[in-house]
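> got a sequence here, can you build the structure:
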Amino acid sequence: MPFLVVLVFWLTLIFASFGLFAPPNSTVIGVLFACALSVAGAIFLILELDRPFQGLMQISSAPPRNALAHLGR
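I've put the predicted structure just below:
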């Protein structure tokens with residue numbers, strides 16, 4: 001959790017500095033928004049892949065259970 005907080009703070013500062021030095025027009029706002037969505041999606045995927053058996057994207061536990069059952073024979 002501390003790493004995630006530092007990462008989000010760092011990314012916030014980066015996007016704020018980009019927005020501070022860029023001219024305020026619709027293209028810049030659109031690109032910054034698209035980049036922010038991309039980074040948010042990457043962080044979401046990293047957090048989802050940390051918990052493979054729960055969450056939005058789940059994998060089945062049947063293949064590992066079958067492999068363990070065959071090893072126990």
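> list the buried residues for the worst-scoring helix or strand of the chain on mean pLDDT?
Sorting the helices and strands of the chain by mean pLDDT, DSSP states H and E puts helix 2-21 at the bottom, at a mean of 85. Judged by neighbour count (16 or more other CB atoms under 10 Å), helix 2-21 contains no buried residues. (Glycine included, C-beta is placed from N, CA and C.)
> what helices or strands is it leaning on?
helix 26-49 (3 or more CB pairs under 8 Å, 6 or more residues apart in numbering; DSSP states H and E).
> mind listing residues that contact the helix it packs on?
Applying CB atoms under 8 Å, 6 or more residues apart in numbering, the contact partners of helix 26-49 are Leu4, Leu7, Val8, Leu11, Phe15, Phe18, Gly19, Ala22, Gly55, Leu56, Met57.
> just give the closest residue to the third one, not the sequence neighbours.
Residue nearest to Val8 in three dimensions, not counting chain neighbours: Ile43, with 7.5 Å by CB to CB, 6 or more residues apart in numbering.
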